[in-house]
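Undergrad: Turn this into a structure:
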Amino acid sequence: MCLSAQCPALLLLLSLLLLPLGLPVLGAPPRLICDSRVLERYILEAREAENVTMGCAEGCSFSENITVPDTKVNFYTWKRMDVGQQAVEVWQGLALLSEAILRGQALLANSSQPSETLQLHVDKAVSSLRSLTSLLRALGAQKEATSLPEATSAAPLRTFTVDTLCKLFRIYSNFLRGKLTLYTGEACRRGDR
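TA: Residues are numbered from 1 along each chain as shown. Got it, this is the predicted structure:
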């Protein structure tokens, strides 16, 4: 039995321990992503993966190009978008980024001698993206993204292609630090009102 002041801290600790596994965390606070430390941990992992692959020459090039979301943010336009439009852009970007990381994982596994370190970072990214998807779903991003009537007629997601693991991890890191952070900040503020 825990004291009422200790229960939320224990629940947060347990949630943070289970999130890297990509498992759904039952009983987790639905707004866990609103705790900046949670998103900061994912950003730190993404930057670490980016740094590890920066000096990589052998085994870091893909045999094909991988499509990724454009991570550039026009802050003037972003601030004028309502949270639902932001949710559409983030949800679509996260889905495309997840597909890209999974494709990178498959290409790395099929390479002649995949580095264990590279494989570890790609596996962590796959797990982290699954957890982030669950956390955004709990925040209501998927519901907002699919409930907008203009979601189907919205401008298509801007994309481009990458041909190395380093570029893929740079996009992953930029997406988390940019659009995802901006969206969760606004969605969490809106939910606190």
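
Undergrad: Setting aside sequence neighbours, what's the nearest residue to P69?
TA: Sequence neighbours aside, G93 is the residue nearest to P69 in space, at 3.8 Å (criterion: Cβ to Cβ, 6 or more residues apart in numbering). For the C-beta atoms, the positions are set from N, CA and C on the backbone; glycine is no exception.

Undergrad: Remind me what the helix or strand where that neighbour lies packs against, helices and strands.
TA: Here G93, judged by DSSP states H and E, is contained in helix 83-109. The helices and strands touching helix 83-109, judged by 3 or more Cβ pairs under 8 Å, 6 or more residues apart in numbering; DSSP states H and E, are strand 61-69, helix 116-139, helix 141-147, helix 165-175, helix 181-192.

Undergrad: Reformat the ones you listed as JSON lines; add mean pLDDT, distance to V38 and mean neighbour count.
TA: Shown next, in JSON lines, are these (pLDDT from 0 to 100; distance: least, Cβ to Cβ, whole Å; neighbours: other Cβ atoms under 10 Å):
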{"stretch": "strand 61-69", "mean pLDDT": "92", "distance to V38": "21", "mean neighbour count": "16"}
{"stretch": "helix 116-139", "mean pLDDT": "90", "distance to V38": "7", "mean neighbour count": "19"}
{"stretch": "helix 141-147", "mean pLDDT": "69", "distance to V38": "15", "mean neighbour count": "18"}
{"stretch": "helix 165-175", "mean pLDDT": "94", "distance to V38": "16", "mean neighbour count": "24"}
{"stretch": "helix 181-192", "mean pLDDT": "84", "distance to V38": "9", "mean neighbour count": "16"}
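
Undergrad: of these, which approaches W78 most closely?
TA: Counting by Cβ to Cβ, W78 lies closest to helix 181-192 out of the helices and strands packed on helix 83-109; the figure is 6.2 Å.

Undergrad: now the angle from that closest one to helix 165-175?
TA: On the basis of axes from the mean of the first three to the mean of the last three Cα atoms, to 10 degrees, helix 181-192 is oriented at 30 degrees to helix 165-175.

Undergrad: now for helix 181-192, which elements pack on it?
TA: Secondary-structure packing of helix 181-192 (3+ Cβ pairs under 8 Å, 6+ apart): helix 36-54, helix 83-109, helix 116-139.

Undergrad: Contacts for that helix, please.
TA: For helix 181-192, the surrounding residues in contact (Cβ atoms under 8 Å, 6 or more residues apart in numbering) are 31, 33-34, 39, 43, 73, 78, 83, 86-87, 89-90, 136, 139-141.

Undergrad: repeat for stretch 40-57
TA: Identification of contacts with stretch 40-57 by Cβ under 8 Å, 6+ apart yields 16, 60, 115, 117-118, 121-122, 124-125, 128, 131-132, 164-166, 169-170, 172-173, 176-177, 181.

Undergrad: now the residue positioned nearest the centre of the chain, nearest residue through space, not along the chain?
TA: The centre of the chain sits closest to L129, judged by Cα atoms, centre = their mean, with a distance of 4.7 Å. Nearest non-adjacent residue to L129, counting by Cβ to Cβ, 6+ apart: S98, 4.6 Å away.
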